[in-house]
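Engineer: Predicted model, plus sequence, below.
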Amino acid sequence: MASSSGAEEASLDDYASLIATTDVELLKRAWRNEKAAPEILRYEYRLISRVKEQIQLMEETVEEKSSVGNDPLSVSLYQMDLDRTQFLLRSYLRIRIQKIEKYMFHILKTEELWSRLSKDEKDFASACTSDLNQHLEVTVLSKLPENYQSVLKQSITSEEDDMVPEPQLDTFVLCRSKEYLTGIQLEDGPADDRSKLFEMEPGVLHFICYRSIKALVESGKIDLL
Amino acid sequence: MNTKYYDIDDIIMEEETVSVIFQKTASGVGIDPSSEKDFIETGSKVELPFWLAHELQMRQAVSVNIPSCFDKTTRLEIQADSAGVDLRSRCPFFYEFGCKIAPIVGDRTIGFLLLSAFKSRYKEILTKAHSVAFAAGSKFWSILTKEEINLYETAQSEMASFKKWRMGGPRFQIASVLGKKRKSTE
Amino acid sequence: MYGKTACQLVKEFASGDKGQLVSFNSDLFQQVVAECSQHLLELQSLIRKMEEERLDIQTVRNADYYGALIHHLTLVRNKRCLMAYVYNRAEIIRNLLWKIGHVLPQEIEEKLSHAEGEYFKKHSAALKYYMSKVMVDLTVDMIPPKDPYIKVRVLDDIGDGILLSDDKTANFACHSMHLLKRTDAEQFISRGQMEELSG
């Protein structure tokens, strides 16, 4: 595209940015990020409610067209489009629910993570935690000596909650930046290397420790793949 | 904070025994089979599981000896033919255990040993995972550590899904928990 | 050695194939619980001895102290093994919901302890409630869609009168073949009652 004239390039860029901001594209991005991030990300409240409305609209269209019945091909194309969007939505919500199931104790006691959940997810997380708590209580904890009955602390002599599983933030992820970024602090590798700052060109793929770019993922500057 | 509290592999790995020398006395415990009484004298050499040895070492109650899987003989063997050494029989969690034991016994060379062993064996594992399907129980399989087997299995299942994606065919399958029981109707 | 039985329990869990459940081993489990009580008794008697000698438990580091410490550490270790056994089983039980849905087949139900069966029901209810709130069924569409319809063969006598999502009913006699909506077929396939035919 380097040889094309300035005006053409601008219109292509406009087109590309238009495509990139449709709700389905945004959902795809949210879904990819959620899928690749080890911890739970902020719930995309507005986006999800828009997508839900659109799905409903599409369902109505499909129903209408198939009841008329004179254009089976376009019905099936609409249906396929609908199926894809629905898959993205289901998968997005499912990944979040599965993260909640996995790290419920940690999420419940960490203000920052708790605030990232939707209202319904919060209800689910609370129910989930109390069910598992009760199950562990009945099966194990109630049978142990008094000082060892906590579900958060190994014994009363523990100073912190040393039983709560947390997501591993030092895991490696594939990512791409949308703009030129500089001053990224690497949080892995030998200690004397860590003071070096790292930069990212837009569009270039990097394989990097999640902890180093966590804040940039949260602010939407970097996309995970 | 403990990300591994419920980790099954971590629990099993910490059961690995190490030999320790008691720096203090301890009464009322039956952990020294060589002693008639339930009293441990200072200087007694006892084999303890890692989880106990580690906690006692942190409180200066014991000193931990370097486990035999990181001794001179193993090192020489790894240097000579790293891919062919049977690490599993020495320690099923050779790398994880090495990482935990190194700071405790204060031996910085263990890190280099782990790294060099892993580097050369890793290559071998990936090549084999992609070229030949090894039956569990074959010789190559039996010398891998638990960590290496996980890598090997990941590599194989990735390859299988890639092939499936390229070839097409049925994508929906019976849940693996139900697995073996039902026979397909011929 | 201390903690051996507890680790046996964990090893038993690990020896099964990934994601597979074996029956809850309540004998071994009870044995570990009993060992915990025994360690507590021995720990208490050592502490009592120190108290009788008017020694300060916080600062005195004698043989009795280290003995008590070893019993304490063993208790902590045993607790970890028991908890990990139940916790990891609970994780598999939750995943059953994703894999085979809200009704458990007999063969799996038999492997659960009574408390585990209850836990499954409660968790299933919590998930159902969430799905009813967001009005999205999360237990279908586990694999990205290609075609809206897939060809399947029935492997089991599922019977007739099963309501599909387009409000039609179908007769799924054994060996019959159907072209079904993907989301309708999915659960039957994962339960082993249908298979997808390629092509």
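Structural biologist: Nice, I can see it.
Engineer: Spatially central, which residue of chain B would that be?
Structural biologist: residue B:93 (0.5 Å; Cα atoms, centre = their mean).
Engineer: does that residue really touch residue B:14, like I thought?
Structural biologist: No. Look at residue B:93 against residue B:14 with Cβ atoms under 8 Å: they stay out of range, at 9.2 Å. (Glycine included, C-beta is placed from N, CA and C.)
Engineer: if we can go back for a sec, any idea how far the residue nearest to the residue nearest to the centre of chain B when sequence neighbours are not counted lies from chain C?
Structural biologist: Using Cβ to Cβ, 6 or more residues apart in numbering or on different chains and skipping the chain neighbours, the partner closest in space to residue B:93 is residue B:13 (4.0 Å). Residue B:13 sits 10 Å away from chain C, going by Cβ to the nearest Cβ, to the nearest Å.
Engineer: Assign residue 136 to helix, strand or coil.
Structural biologist: Assuming you mean chain A. Secondary structure for residue A:136, judged by DSSP: H, G, I helix; E, B strand; the rest coil, is helix.
Engineer: Can you give me the distance of it to chain B?
Structural biologist: Residue A:136 sits at a distance of 11 Å from chain B (criterion: Cβ to the nearest Cβ).
Engineer: same deal with residue C:178?
Structural biologist: Look at residue C:178 and chain B: by Cβ to the nearest Cβ, they are 14 Å apart.
Engineer: A helix includes residue A:31, no?
Structural biologist: Yes. Checked against three-state DSSP, residue A:31 lies within a helix.
Engineer: Identify the residues contacting it.
Structural biologist: For residue A:31, the contact set (Cβ atoms under 8 Å, 6 or more residues apart in numbering or on different chains) comprises A:88, A:91, A:92, A:95.
Engineer: Give me the buried positions along stretch A:76-91.
Structural biologist: A:76, A:78, A:79, A:82, A:83, A:85, A:86, A:87, A:88, A:89, A:90, A:91 (16 or more other Cβ atoms under 10 Å in any protein chain shown).
Engineer: do the longest helix that chain A contains and chain C meet?
Structural biologist: Longest helix in chain A, counting residues (DSSP state H): helix A:72-109. Yes. Part of helix A:72-109 sits close enough to chain C to count as contact by Cβ under 8 Å from any Cβ of the partner chain, namely A:76, A:79-80, A:83-84, A:86-87, A:89-91, A:93-94, A:97-98, A:101-102.
Engineer: and of the residues you listed, the nearest to chain B?
Structural biologist: Taking Cβ to the nearest Cβ as the measure, residue A:102 is the one of the residues of helix A:72-109 next to chain C closest to chain B, at 10.4 Å.
Engineer: On the three-state scheme, the closest residue to residue B:32 other than its chain neighbours is what?
Structural biologist: Nearest residue to residue B:32, sequence neighbours excluded (Cβ to Cβ, 6+ apart): residue B:46, at 4.9 Å. When the structure is reduced to helix, strand and coil (three-state DSSP), residue B:46 reads as strand.
Engineer: Run through the bridge partners of residue B:46.
Structural biologist: Beta-bridge partners recorded for residue B:46 (DSSP bridges): residue B:20.
Engineer: Tell me the first helix or strand C-terminal of the helix or strand bottoming out on mean pLDDT in chain B.
Structural biologist: Among the secondary structure pieces of chain B, namely its helices and strands, helix B:139-142 has the lowest mean (mean pLDDT, DSSP states H and E), a mean of 78. Counting by DSSP states H and E, the element after helix B:139-142 in chain order, helix or strand, is helix B:146-167.
Engineer: Remind me what that next one packs against, helices and strands.
Structural biologist: Applying 3 or more Cβ pairs under 8 Å, 6 or more residues apart in numbering or on different chains; DSSP states H and E, one finds that helix B:146-167 makes contact with helix B:94-105, helix B:109-131.
Engineer: what residues are up against residue C:165?
Structural biologist: Under the criterion of Cβ under 8 Å, 6+ apart, the contact partners of residue C:165 comprise C:181, C:183, C:184.
Engineer: can you pull the pLDDT of residue C:199?
Structural biologist: The predicted structure scores residue C:199 at 54 on the pLDDT scale.
Engineer: Could you do residue A:122 as well?
Structural biologist: In this prediction, residue A:122 carries a pLDDT score of 97.
Engineer: before we move on, back to that, include mean pLDDT, distance to chain C and mean neighbour count when you put the helices and strands packed on helix B:146-167 into CSV, please.
Structural biologist: Written out in CSV, the entries for the helices and strands packed on helix B:146-167 read as follows (pLDDT from 0 to 100; distance: least, Cβ to the nearest Cβ, whole Å; neighbours: other Cβ atoms under 10 Å in any protein chain shown):
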stretch, mean pLDDT, distance to chain C, mean neighbour count
helix B:94-105, 93, 14, 18
helix B:109-131, 86, 17, 15
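Engineer: mind checking which of those helices is nearest chain A?
Structural biologist: Each of those has some distance to chain A by Cβ to the nearest Cβ; the shortest is helix B:109-131, at 11.4 Å.
Engineer: so how far is the closest one off the chain centroid?
Structural biologist: Using Cα atoms, centre = their mean, to the nearest Å, we find the averaged C-alpha position of helix B:109-131 to lie 14 Å away from the chain's own average C-alpha position.
Engineer: residues contacting residue B:61?
Structural biologist: Contacts for residue B:61 were tallied using Cβ under 8 Å, 6+ apart; they are B:22, B:23, B:24, B:26, C:66, C:69.
Engineer: Dihedrals phi and psi, the fourth one?
Structural biologist: So that's residue B:26. Residue B:26 adopts backbone torsions of phi -140, psi 130, taken as degrees, to the nearest 10.
Engineer: need the contact list for it.
Structural biologist: By Cβ under 8 Å, 6+ apart, the residues touching residue B:26 are B:39, B:40, B:61, C:63, C:66, C:67, C:69, C:70.
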